[in-house]
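1. A predicted structure for the sequence below; I have some questions about it.
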Amino acid sequence: MAWSFLKFGAAASQGRTSEIQLGARTIKSHGAKVLRKHKHDWLILVLLVVLEIILNIIHPFYRFVGKDMLTDLKYPLKDNTVPVWAVPIYAVLLPIVVFLLVYIRRREVYDLHHSILGLLFAVLITGVITDAIKDGVGRPRPDFFWRCFPDGKDFYDKWGDVICHGKDSVIREGHKSFPSGHTAWSFAGLGFLSLYLAGKIKAFDRKGHVAKLCIVFLPLLAAALVGVSRVDDYWHHWQDVFAGGLLGLSVATFCYLQFFPPPYDTKGYGPYKYFRALEKLRLKGQTGQPSNGPSVQAAGGPVVNQQMGLVGDAFMPVSMEHKLSSSQEDIEYGLK
């Protein structure tokens, strides 16, 4: 009798549970709801974009540059090895492609949304901070002399400051050396990707799989090579690159930890939302709160509460005494 009743309850909810299960919250089923919950975050992103545009339009501080100072600013004026248009491709679009591949396998919309949102916050906050410092400091680039005097003939005012006769846009760009924007954006985007991969592959699970670290370090290596190219192209001093990399990686870490546990954590493979939902599920089972399903007592046995627990906006049947182990969590999240 009890078993038949439980089968009937499971069959009644089969349509709902088969469509939306733990680890299977899709864009179609939960995408609009997730966006509504985080609409203010997306609004802040739009404001950051506007602020970034303004910072790129305004003139930087034109620092005093005397004749003696030009000795270290006469490097050749070269093109960028890594063009500006390529930075958003490898620092933003490439990580998003990785996030989408993970989503295709696990069907977890919160993981996809939080990773994209965290990445965009990382690169935009980094961009705003970087450009604000650039405009405020106004440090000349290593190739400033040829930007200021393209014909090689230098002129100075009565104070000994340069009187540039080059193209205005080129001169203005020549006062934006510190910190390196290419390097900052690279470490923000690829640094976020590195943290994301470290969590997903459990790089710090203490099982001694050093090969996992190669995957984690690969994005950081790419970002470092971009920084090296900025020095080789004489667009930046080494201090600019060092400061830009430190800034980008720091912001990426803070933004990542807003949505995900640290990669070295035993639960670093999923967003906080996932584990908060599991904790709510366990608490409901321990406190014996009213359930959505029937409670039936078998002959001579304990009461079985076949409830429909809310797990991160997804319904699934659970018993009152059910506790998910770490291994079970891995299976449900698509890690095994």
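-> Happy to help now that I have it. Numbers count the residues shown, from 1 in each chain.

2. Just give me the longest helix of the chain.
-> helix 109-137 (DSSP state H).

3. Secondary structure of Ala184: a helix, I assume?
-> Yes - under DSSP: H, G, I helix; E, B strand; the rest coil, Ala184 sits within a helix.

4. Next up, the contacts around it.
-> Thr126, Gly127, Ile129, Thr130, Gly244, Gly245, Leu247, Gly248 (CB atoms under 8 Å, 6 or more residues apart in numbering). For glycine as for every other residue, the C-beta is placed from the backbone atoms N, C-alpha and C.

5. what sits up against the helix or strand encompassing Val49?
-> Secondary-structure assignment from DSSP states H and E places Val49 in helix 39-57. Residues outside helix 39-57 that contact it (CB under 8 Å, 6+ apart) are Leu35, Leu117, Leu120, Phe121, Leu124, Ile125, Gly127, Val128, Asp131, Ala132, Lys134, Asp135.

6. got those as JSON lines, with pLDDT columns?
-> Listed next are the contacts of helix 39-57 as JSON lines, based on pLDDT from 0 to 100:
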{"residue": "Leu35", "pLDDT": "83"}
{"residue": "Leu117", "pLDDT": "96"}
{"residue": "Leu120", "pLDDT": "97"}
{"residue": "Phe121", "pLDDT": "97"}
{"residue": "Leu124", "pLDDT": "97"}
{"residue": "Ile125", "pLDDT": "97"}
{"residue": "Gly127", "pLDDT": "97"}
{"residue": "Val128", "pLDDT": "97"}
{"residue": "Asp131", "pLDDT": "97"}
{"residue": "Ala132", "pLDDT": "97"}
{"residue": "Lys134", "pLDDT": "97"}
{"residue": "Asp135", "pLDDT": "96"}
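
7. Name only those of those residues that count as buried.
-> Leu117, Leu120, Phe121, Leu124, Ile125, Gly127, Val128, Asp131, Lys134, Asp135 (16 or more other CB atoms under 10 Å).

8. Now the last one: closest residue in space that isn't a chain neighbour?
-> The one in question is Asp135. Pro60 (4.4 Å; CB to CB, 6 or more residues apart in numbering).

9. With the second one instead?
-> The spatially closest residue to Leu120, leaving aside those adjacent along the chain, is Leu45, at 5.6 Å (CB to CB, 6+ apart).

10. repeat for the fifth one
-> In space, Ile125 comes closest to Val251 once its chain neighbours are excluded; the distance is 5.2 Å by CB to CB, 6+ apart.

11. can you tell me which residues contact that neighbour?
-> Ala122, Ile125, Thr126, Ile129, Ala188.

12. burial measure for the closest residue to Lys202 other than its chain neighbours, as a count.
-> Excluding the flanking residues, the one nearest Lys202 by CB to CB, 6+ apart is Tyr269, at 6.0 Å. Neighbour count of Tyr269, defined by other CB atoms under 10 Å: 24.

13. And for Asp154?
-> 14.

14. so it sits in a helix?
-> No - counting by three-state DSSP, Asp154 is not part of a helix but coil.

15. Retrieve the pLDDT associated with it.
-> Listed pLDDT for Asp154 reads 91.

16. how much space is there between it and Leu73?
-> Per CB to CB, to the nearest Å, Asp154 is found 11 Å from Leu73.

17. What ranges does the stretch 201-336 of the chain have for its strands?
-> Shown for the stretch 201-336 of the chain, the strands assigned by DSSP state E, counting those that start in this stretch span residues 295-297, 303-305, 307-311, 314-318.

18. so what's the closest residue to Tyr234 other than its chain neighbours up against?
-> Excluding the flanking residues, the one nearest Tyr234 by CB to CB, 6+ apart is Tyr75, at 3.7 Å. Residues near Tyr75 by CB under 8 Å, 6+ apart: Pro142, Asp143, Tyr234.

19. wait, which of these is closest to Phe178?
-> Relative to Phe178, the closest of the contacts of Tyr75 is Pro142; by CB to CB it sits at 11.4 Å.

20. and Pro263, what does it touch?
-> Leu195, Ala198, Gly199, Ala203, Phe204, Val216.

21. Now for the fifth one: which residues touch it?
-> Neighbouring residues of Phe204 by CB under 8 Å, 6+ apart: Ala198, Pro263, Tyr264, Gly268.

22. if you set the cut-off to 6 Å instead, what comes out?
-> Contact partners of Phe204, counting by CB atoms under 6 Å, 6 or more residues apart in numbering, are Tyr264.

23. same deal with the second one?
-> With contacts defined as CB under 6 Å, 6+ apart, the neighbours of Ala198 are Val216, Pro263.

24. Secondary structure element holding it?
-> Judged by DSSP H and E, Ala198 forms part of helix 181-200.

25. Alpha carbons only: can I get that helix in CSV?
-> Output of helix 181-200 as CSV, limited to C-alpha atoms (Å, rounded to 0.1, in the frame of the first residue of the first chain):
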residue,chain,number,x,y,z
GLY,A,181,45.9,48.4,-20.3
HIS,A,182,46.6,45.4,-22.5
THR,A,183,48.2,43.6,-19.5
ALA,A,184,45.5,44.6,-17.0
TRP,A,185,42.7,43.4,-19.3
SER,A,186,44.6,40.2,-20.2
PHE,A,187,45.1,39.2,-16.6
ALA,A,188,41.6,40.2,-15.6
GLY,A,189,39.9,38.0,-18.3
LEU,A,190,42.4,35.2,-18.5
GLY,A,191,43.0,35.3,-14.8
PHE,A,192,39.3,34.8,-14.2
LEU,A,193,39.3,31.9,-16.7
SER,A,194,42.2,30.3,-14.9
LEU,A,195,40.4,30.4,-11.5
TYR,A,196,37.3,29.0,-13.2
LEU,A,197,39.2,26.1,-14.7
ALA,A,198,41.0,25.4,-11.4
GLY,A,199,37.7,25.0,-9.7
LYS,A,200,36.0,22.9,-12.4
